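Colleague: Coordinates only, no sequence provided:
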């Protein structure tokens, strides 16, 4: 099997797992939001324990304040993300989560000092026009302007900030170290927040909570492995198959029938996100070409291999589910 075929299968699997996570969240009844976030936090820290057992130096970091900030962003993102999916149709919440790519473009200049040219700005505006098409302010059949909608957009914004902080951390930190500190901070925040409403949810919900806690880190693991095989701009379009999973699940399990405006908005958002991802890859290749030539001239016998932190950074920047 070719690297592209393997990466495509991993990307589809990641989309399925991410959709399963949100389906589980929507299926749970009577479980407080804080308990959902606690399950996700415990799943995150549990995912890093095998790596910690193999390498006791995993917690060592050169950027502790940024690690703590990155962890807090994840917790806030999980709260808003789950609130969006409990209050909105699966397909609608999924499409709105894709706007994180648009927010990355909007924030790349002021936060990272990157020069964003008119092509990417135009694509970003087209994507936000898709958001307007979905919301349709003033239309009686539109998405209600309430907390779930605000949470969906806030989650996308948090996802963009996660992308930018991960890019910064990836310059000096390993993927395992970043994942470990996300788990530590998430548990530290989620436990006291969940305690006041913590109660036995019943065996059914308990099983769903365990699955939910596993799905988040598993989905990201699959996605990052896909990105290690091929360029992000090649595999990113396949990841949007998650929208197909969400629409099908919404119809079959929750009787949520998408309307034409959701289709229009999804086309604008996904189309602009794919364009931005590919445009960023083109710019990155042009910038890297002179550096690669110089490095090869200086060290003709040395070959380099991208480390896992770089892979994680690329995965976050292209992922429609950067949490």
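Modeller: Received the coordinates, thanks. What you see is a predicted model; the values in this text were computed from it and never measured.
Colleague: Assign residue 199 to helix, strand or coil.
Modeller: When classified by DSSP: H, G, I helix; E, B strand; the rest coil, residue 199 comes out as coil.
Colleague: ok, now how distant is it from residue 261?
Modeller: 40 Å (CB to CB, to the nearest Å). Quick note: C-beta positions are derived from backbone N, CA and C, even for glycine.
Colleague: more neighbours, the two?
Modeller: It is residue 261, of residue 199 and residue 261, that has more neighbours when counted by other CB atoms under 10 Å, with 19 against 9.
Colleague: And the more buried one, how far from residue 250?
Modeller: Distance from residue 261 to residue 250, by CB to CB: 15 Å.
Colleague: which stretches of the stretch 1-150 of the chain form helices?
Modeller: 3-27, 33-54, 64-87, 90-97, 100-107, 118-135, 147-169 (DSSP state H, counting those that start in this stretch).
Colleague: now residue 71, nearest residue through space, not along the chain?
Modeller: Distances taken as CB to CB, 6 or more residues apart in numbering place residue 185 nearest to residue 71, at 2.5 Å, with adjacent residues excluded.
Colleague: so where does that neighbour fall, helix or strand?
Modeller: For residue 185, the host element (DSSP states H and E) is helix 175-194.
Colleague: just checking, next helix/strand downstream of that helix?
Modeller: Past helix 175-194, the next helix or strand by DSSP H and E is helix 203-229.
Colleague: Other residues contacting stretch 77-86?
Modeller: 22, 25-26, 33, 36-37, 40-41, 93, 96-97, 147-149, 151-152, 154-155, 158-159, 162, 186, 216, 323 (CB atoms under 8 Å, 6 or more residues apart in numbering).
Colleague: Adding mean pLDDT, distance to residue 229 and mean neighbour count, write the helices of the stretch 1-150 of the chain out as CSV.
Modeller: Shown next, in CSV, are those (pLDDT from 0 to 100; distance: least, CB to CB, whole Å; neighbours: other CB atoms under 10 Å):
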stretch, mean pLDDT, distance to residue 229, mean neighbour count
helix 3-27, 93, 4, 20
helix 33-54, 95, 21, 20
helix 64-87, 95, 25, 21
helix 90-97, 93, 24, 27
helix 100-107, 84, 21, 24
helix 118-135, 87, 26, 18
helix 147-169, 90, 20, 22
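Colleague: Of the ones you listed, which is nearest residue 204?
Modeller: Minimum separation from residue 204 across those (CB to CB) falls at helix 3-27, 9.4 Å.
Colleague: Now do that closest one against helix 90-97, angle only.
Modeller: Counting by axes from the mean of the first three to the mean of the last three CA atoms, to 10 degrees, helix 3-27 points 120 degrees away from the direction of helix 90-97.
Colleague: Distance from helix 3-27 to the middle of the chain?
Modeller: 12 Å (CA atoms, centre = their mean, to the nearest Å).
Colleague: Tell me which residues are up against it.
Modeller: 36, 82, 85-86, 90, 93-94, 208, 211-212, 215-216, 218-220, 222-223, 225-227, 229-230, 234-235, 238-242, 245-246, 249, 253-254, 321.
Colleague: Could you tell me the angle between it and helix 203-229?
Modeller: 160 degrees.
Colleague: what about residue 220, neighbour count?
Modeller: Counted with other CB under 10 Å, residues neighbouring residue 220 total 23.
Colleague: How about residue 194?
Modeller: So residue 194, with other CB under 10 Å, has 18 neighbours.
Colleague: pretty sure it is touching residue 39, no?
Modeller: No. Residue 194 is not in contact with residue 39 according to CB atoms under 8 Å; the separation is 9.0 Å.
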